[in-house]
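1. With the sequence up front, the predicted model follows.
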Amino acid sequence: MNKSVTFTVDADVYEKFCIALNLTSETQDTAVESCMRWYIAKTFEKASQAYNPKTRQNEDANRDFYGKANQRIPVWALKPNQYNHKIIRAYFKAVAATGHATIDMMERLCSDENTPELYVPTFKNNYSQMKLDGPKSHGKVFEDDGETVTIWHEVENTLMKYKSSFYNEEV
């Protein structure tokens, strides 16, 4: 049995919907029913996870990525040509020089082509990846307030353990 449904949508959304229909050659009824089925499936999936503790634990575990950087720091410490290594080295060099690190200082250190041990041509992209905790990030190492850079507390012990591999203050 079919049911007739009427609803109101934003004019811009409707216009883009019509353009999409032209691209797919679907009818409005078919496309709207497909969207409703998707919405129903997603809603039921979320609801079922709320009642299934095992699924919920796995979902929470998938959101927790801070261990990634803790596992990667020892590897980065051994690879001085890797951009993550160079950015961490720039952080320690800035702290040694001024007592703190800023994004501008680190970027300046990493932009000098005449200093290959620090040169990172894609500093902004790589640095931003080192501030994120996600499945596709490098692993969170740093936090900043828009200017001052600090080590994320979750990886501080690991990073300090390997500090001499990144930066030797006697040099």
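-> Cool, the structure landed.

2. Burial check on residue 101, number of neighbours?
-> 24 (other CB atoms under 10 Å). From N, CA and C alone the C-beta is placed, and that goes for glycine too.

3. er, residue 162 I mean
-> 15.

4. Surely it is in contact with residue 77?
-> Yes: between residue 162 and residue 77 there is a contact at 4.1 Å, judged by CB atoms under 8 Å.

5. And the residue minimising distance to the centre of the chain, how close does it get to residue 39?
-> Among the residues of the chain, the one closest to the centroid is residue 132, at 3.9 Å (CA atoms, centre = their mean). In this view, residue 132 and residue 39 are 29 Å apart by CB to CB, to the nearest Å.

6. Same question for residue 163.
-> Using CB to CB, we find residue 163 at a distance of 51 Å from residue 39.

7. Who has more neighbours out of those two?
-> With other CB under 10 Å as the criterion, residue 163 and residue 39 differ in neighbour count, and residue 163 comes out ahead with 17 against 10.

8. which residues touch the closest residue to that one other than its chain neighbours?
-> In space, residue 163 comes closest to residue 92 once its chain neighbours are excluded; the distance is 6.4 Å by CB to CB, 6 or more residues apart in numbering. For residue 92, the set of contacting residues under the criterion of CB atoms under 8 Å, 6 or more residues apart in numbering consists of 163, 166-167.

9. What is the nearest of the residues you listed to residue 96?
-> The closest of these to residue 96 turns out to be residue 167 (CB to CB; 7.0 Å).

10. That concludes my questions; thank you for your assistance.
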